[in-house]
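A.B. asks: Pasted the sequence and its predicted model underneath.
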Amino acid sequence: MARRRITSEDGRDALASVAAGAGGRPELAMAVRFTLEELAELAPGNSVEVRVPPFGVTQCVAGPRHTRGTPPNVVETDATTWLALVGGTVTWPEAVAAGKVAASGQRADLSAWLPLFGRRA
């Protein structure tokens with residue numbers, strides 16, 4: 001189980017603020033971190049590392065655990081793309097095809113868990 005640091009209420013408020021265009025950097029950071037926590041809760045494990053620099057990183061998805069160096073399964077994207085994926089305004093295949101997501105490794109496809117909120121593609 002993921003270690004929670006952001007309450008659901010605070011996280012959803014930050015997401016709403018960012019979506020409305022009213023959030024600043026602190027709200028953007030909280031929204032990203034909250035959604036990374038949500039992903040880790042939905043897909044527990046340590047086989048994939050999801051990076052959204054500079055705001056956060058999480059490990060998720062069941063499978064072989066990595067313990068040293070660069071993990072074999074890595075997903076990296078920017079905060080705007082991450083929140084679009086989480087909210088369902090962009091699909092995983094669209095983001096990958098557009099070069100907005102760098103995904104390496106056999107388990108690095110997160111389409112089974114995205115979007116976390118919003119419509120399913």
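C.D. replies: Good, I have the coordinates. Numbering: from 1, shown residues only.
A.B. asks: what does the model give the spatially most central residue of the chain for pLDDT?
C.D. replies: Central residue of the chain (CA atoms, centre = their mean): Leu36, 4.5 Å from the mean position. Looking at Leu36, its pLDDT reads 97.
A.B. asks: Give me the residue ranges of the protein where confidence is low.
C.D. replies: 1-3, 65-70, 119-121 (pLDDT under 70).
A.B. asks: Please enumerate the helices of it.
C.D. replies: 8-19, 25-42, 79-87, 92-97 (DSSP state H).
A.B. asks: Kindly export the first one (C-alpha atoms) in CSV.
C.D. replies: Output for helix 8-19, consisting of C-alpha atoms alone and laid out as CSV, is shown next (Å, rounded to 0.1, in the frame of the first residue of the first chain):
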residue,chain,number,x,y,z
SER,A,8,-8.0,13.1,-1.0
GLU,A,9,-9.7,16.5,-0.4
ASP,A,10,-6.5,18.5,-0.7
GLY,A,11,-5.5,16.5,-3.8
ARG,A,12,-8.8,16.9,-5.5
ASP,A,13,-8.8,20.6,-4.7
ALA,A,14,-5.4,21.0,-6.2
LEU,A,15,-6.5,19.1,-9.3
ALA,A,16,-9.6,21.3,-9.7
SER,A,17,-7.5,24.5,-9.2
VAL,A,18,-5.0,23.5,-11.9
ALA,A,19,-7.8,22.4,-14.3
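A.B. asks: Right, I'll call it a day here.
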